[in-house]
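>>> What would the 3D arrangement of this be:
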Amino acid sequence: MIIPVVVPVKAHVQKFIINRYGDGKSHAMPVRKLTFLGDMLSLALVKHTFMQTNFSPPAGCFLIFYVSSETKFMEVPSEKMKLLQAAFERNFRDCLISFVTGYHYGTGNQMQAVKKFLESHQISEDEMSSDTAWKIWRDFEVKMERIRTNNFRKVVGAIPKHVGKIENSSVVFGMS
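Presented below is the predicted three-dimensional model:
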């Protein structure tokens, strides 16, 4: 039995999921088990014996997943729907960060990498601006720099202090 699962999402997440996991055109897609989407939906679906039989799509952006199930009485409760929406948003953020990291280290241009990601997933400026996507990348970089600094200080025990100007930097020796 194939059951439809309707998930309201933000516009940029809808475009991302359609272009990454779907055919790029339709917001309705079949989902198989043992895939990312299949695992996410199987964690959210619960048995419900009094399922509604009428189907009306919600207002705004949404995705329809067709999941194969042994029983037709499966649905996503509202508490798990919020977690599912957050998981899709997190997947978008992680893919954006991974793409920008690789593209940035290859070319050295962060904003170009962000624009290329949005362009490759056909996300327009109305759905998500490139500045907003760049802020996601910037916040990740700030967080990682903070972690790197804290780990360095824990391991090395370094306390930043000014020791003076080095005139001849060809050979530098450190003694303790």
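>>> who touches residue 58 in this structure?
Residues near residue 58 by C-beta atoms under 8 Å, 6 or more residues apart in numbering: 6, 8. Where C-beta positions appear, they are placed from N, C-alpha and C, glycine not excepted.
>>> So for it, what pLDDT did the model give?
With respect to pLDDT, residue 58 scores 73.
>>> Does it belong to a helix, a strand or coil?
coil (DSSP: H, G, I helix; E, B strand; the rest coil).
>>> Do a quick rundown of the strands in this protein.
Under the criterion DSSP state E, the chain carries strands at the ranges 2-8, 28-31, 46-47, 62-68, 74-75.
>>> Compare these and give me the one nearest residue 112.
Nearest to residue 112 among those is strand 62-68; the distance by C-beta to C-beta comes to 29.1 Å.
>>> Tell me the buried residues in that closest one?
Under the neighbour-count criterion of 16 or more other C-beta atoms under 10 Å, strand 62-68 has 63-65, 67 buried.
>>> which residues does residue 24 contact?
So residue 24 contacts 18, 122 (C-beta under 8 Å, 6+ apart).
>>> Could you rerun that using 7 Å?
By C-beta atoms under 7 Å, 6 or more residues apart in numbering, residue 24 lies in contact with residue 18.
>>> what about it, distance to residue 108?
Residue 24 is 30 Å from residue 108, where distance means C-beta to C-beta, to the nearest Å.
>>> what's the answer for residue 145, then?
Residue 145 sits 17 Å away from residue 108, going by C-beta to C-beta.
>>> Tell me where this structure is predicted with low confidence.
Counting by pLDDT under 70, the ranges of the chain that qualify are 49-57, 71-72, 152-176.
>>> residue ranges of the helices in it, please?
Under the criterion DSSP state H, helices of the chain are mapped to 11-21, 36-44, 78-107, 110-120, 130-156.
>>> Identify whichever of those helices lies nearest to residue 59.
Closest among the helices of the chain, using C-beta to C-beta: helix 11-21, at 12.7 Å.
>>> The strands of the chain: which one's closest to residue 81?
strand 2-8 (6.9 Å).
>>> And for the closest residue to residue 29 other than its chain neighbours, the neighbour number?
Using C-beta to C-beta, 6 or more residues apart in numbering and skipping the chain neighbours, the partner closest in space to residue 29 is residue 22 (4.1 Å). Neighbour count for residue 22, taken as other C-beta atoms under 10 Å: 18.
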